[in-house]
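J.: Structure of the sequence below:
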Amino acid sequence: MMKKYSLFYIFSIVIGISIMNGTLEWLNIPTYDRLLEMILGKPNTLNRVIAITITGVLIYIIIKGVPKLKKI
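T.: Model prediction:
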């Protein structure tokens, strides 16, 4: 059973990414996909697997870490 706040965080991340993407492009700041391309180079199968893994770990840390910080 998924906790109520986990669903809220997932929706917040998706909405935040869509709003931040336009704002960052307008300010000429590299977005997350451009940043990964700068770090990993041209996209290929291995780089996509690494990028998906990094993104999954970041989302997991955000979802699991924020409620713990809230309790402190």
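
J.: residues of whichever helix in the chain runs longest that come out buried?
T.: Taking DSSP state H as the criterion, the chain has its longest helix at helix 45-71. Using 16 or more other Cβ atoms under 10 Å as the test for burial, helix 45-71 gives 51, 63. Bear in mind the C-beta positions are built from the backbone N, C-alpha and C, glycine included.

J.: For it, enumerate the helices and strands it packs against.
T.: Here helix 45-71 touches helix 4-26, helix 32-40, going by 3 or more Cβ pairs under 8 Å, 6 or more residues apart in numbering; DSSP states H and E.

J.: which residues of the protein score low on pLDDT?
T.: 1-3, 66-72 (pLDDT under 70).

J.: Can you get me a residue count around S12?
T.: Burial of S12, expressed as a neighbour count using other Cβ atoms under 10 Å, amounts to 13.

J.: let me fix that: V14
T.: Other residues lying near V14 total 10 when counted by other Cβ under 10 Å.

J.: Please report how far it lies from E25.
T.: Separation of V14 from E25 (Cβ to Cβ, to the nearest Å) stands at 17 Å.

J.: quick check: angle from the longest helix of the chain to helix 4-26?
T.: Helix 45-71 and helix 4-26 are oriented at 120 degrees to each other (axes from the mean of the first three to the mean of the last three Cα atoms, to 10 degrees).

J.: Nothing else from me, thank you.
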